[in-house]
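In: sequence isn't available, so here's the structure alone:
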């Protein structure tokens, strides 16, 4: 593993941890040259599906795009990053299990379901972009729907 600070390829593993489901291994490393520490992640290379966009284009599945969207919706909310990453991992796992192709709308609906159960403000933020709200009535309609439905527990 190449040190991100000095470029040396000599390091030692200081600590190793597995993710909850064992799919990812986090390794804390120390460079033997500059003695700085850094983290690396190991995961099984899986065959990711293609995402079919609204306009019919197809692109590679991107965990980073889902993480960015959820993180933006949860900005300045009391939601731990670990919870956001759990949601992303679950959506990624479901998408991989579908295989081949998955519609972006399916991914969006999964994200909305998870956010609806996690945080109503984050849900409305995500929904406003995902559903392309263009007027106040759209917001009011979505908030009314949110308030009238019972909250599910995770």
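Out: That came through fine. These figures come from a predicted structure and were not determined experimentally.
In: CA atoms for contacts and neighbours, from now on please.
Out: Noted.
In: and stretch 36-56, which residues are buried?
Out: By neighbour count, with 16 or more other CA atoms under 10 Å as the criterion, the buried positions of stretch 36-56 are 37, 38, 48, 49, 50, 51, 52.
In: show the contacting residues for the third one.
Out: Going back to what we said before, that points to residue 48. Residue 48 makes contact with 60, 61, 95, 96, 99, 100, according to CA atoms under 8 Å, 6 or more residues apart in numbering.
In: could you count how many residues lie near the last one?
Out: For residue 100, the tally of surrounding residues (other CA atoms under 10 Å) stands at 12.
In: that one touches residue 49, doesn't it?
Out: Yes. When contacts are counted by CA atoms under 8 Å, residue 100 is listed as touching residue 49 (4.8 Å).
In: start to end distance for stretch 27-45?
Out: When the termini of stretch 27-45 are compared using CA to CA, to the nearest Å, they are 17 Å apart.
In: farthest from the middle of this structure: give me that residue.
Out: If you look at how far each residue of the chain sits from its centre, by CA atoms, centre = their mean, the farthest one is residue 33, at 34.3 Å.
In: can you pull the pLDDT of it?
Out: If you check residue 33, the pLDDT there is 97.
In: tell me which element residue 126 is part of?
Out: Residue 126 belongs to helix 120-130 when assigned by DSSP states H and E.
In: distance from the chain centre to the lowest-mean-pLDDT helix or strand in the chain, please.
Out: Among the secondary structure pieces of the chain, namely its helices and strands, helix 136-148 has the lowest mean (mean pLDDT, DSSP states H and E), a mean of 82. For helix 136-148, the distance between its averaged C-alpha position and the chain's averaged C-alpha position is 25 Å (CA atoms, centre = their mean, to the nearest Å).
In: I'm done for today, thanks for sticking with me.
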